[in-house]
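Colleague: Sequence first, then the predicted structure:
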Amino acid sequence: MLRRRRRVEEETAPAVMRKEALDPARTSGPWDSADDYPEAERVDLGGLRLPVGPGFEIQLSMAGDQVDGVIVLVEESALQVNAFAAPKRSGIWDEVRAELAREVVAAGGSAEDRDGPFGPEIAAEVPAQGQAQGRQPVRYVGVDGPRWFLRAVISGRAAVDPEAARILEDVVRGIVVVRGDEPMPPKEAIQLRLPAEARQAMEEQGARQEELRPFERGPEISEIR
């Protein structure tokens, strides 16, 4: 009787929802390519689909011969975005955030954790580059997604001005990450590429210049490293 009672209790007990084992539905971006994300004008960069707006200037950052990130310039502010592979069942932002803070401090800057619109972020001051002196404010933002991690660095006016920051934060919210199904080690950069129209224009320009000046070097792309 006891064994039968246990079976009846097990059969009639309500099913336990294991939501913690599943990726929760995303209610805001950045989005995964499998999400039902809202339509918007976006530039297709392969691993990222980047929303664009009036007055935006977009540059690609390079790691060797590979495109590994994108920079959005808006007035006096800048947003750099990089996407990386991440483990299937755990995020890496806590680990990456600690590494970034150590690197900033080791370089002579300061870094502290604070709550931001995407969760924990780093409010930092880093040594100014070039001819500028002193420190410049920078925000490091991270978002853990399904098998990917997105890092955003906000600098310039948007690092201290909430109104200017809102424009770049909306860019982050509108990003779609295309992780792909291929196996990748955690923290490996998700490679980006030029939009198809830009690649075609560069190829056509190169072909025309080769026809006109066959013994001169072809067009070159300025790189941001």
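Modeller: Structure received.

Colleague: nearest residue to the residue positioned nearest the centre of the chain other than its sequence neighbours?
Modeller: The centre of the chain sits closest to Leu150, judged by C-alpha atoms, centre = their mean, with a distance of 3.4 Å. Ranked by C-beta to C-beta, 6 or more residues apart in numbering and with sequence neighbours excluded, the top spatial neighbour of Leu150 is Val143, at 4.6 Å. The C-beta positions use only the backbone N, C-alpha and C, and glycine is treated the same way.

Colleague: mind checking the longest strand of the protein?
Modeller: Secondary structure of the chain per DSSP state E: the longest strand is strand 135-145.

Colleague: other SSEs contacting the very next helix or strand once past that strand?
Modeller: Counting by DSSP states H and E, the next helix or strand C-terminal to strand 135-145 is strand 148-156. With contacts taken as 3 or more C-beta pairs under 8 Å, 6 or more residues apart in numbering; DSSP states H and E, strand 148-156 sits against strand 77-85, helix 93-106, strand 135-145, helix 162-174.

Colleague: Show me what secondary structure element comes after the last one.
Modeller: Think helix 162-174. Downstream of helix 162-174 (by DSSP H and E), the next one is strand 176-177.

Colleague: Tell me the strands beside that next one, with direction?
Modeller: Strand pairing for strand 176-177, using DSSP bridges, gives strand 31-32 (parallel), strand 48-51 (antiparallel).

Colleague: Stretch 60-69 spans what distance, first to last residue?
Modeller: Length of stretch 60-69, first residue to last, C-alpha to C-alpha, to the nearest Å: 6 Å.

Colleague: swap in stretch 29-36?
Modeller: One end of stretch 29-36 sits 11 Å from the other (C-alpha to C-alpha).

Colleague: show me what contacts the nearest residue to Glu188 once chain neighbours are set aside?
Modeller: Once flanking residues are discounted, Glu188 sits nearest to Ala85: 4.8 Å by C-beta to C-beta, 6+ apart. Shown in contact with Ala85 (C-beta atoms under 8 Å, 6 or more residues apart in numbering): 147-149, 179, 184-188, 190.
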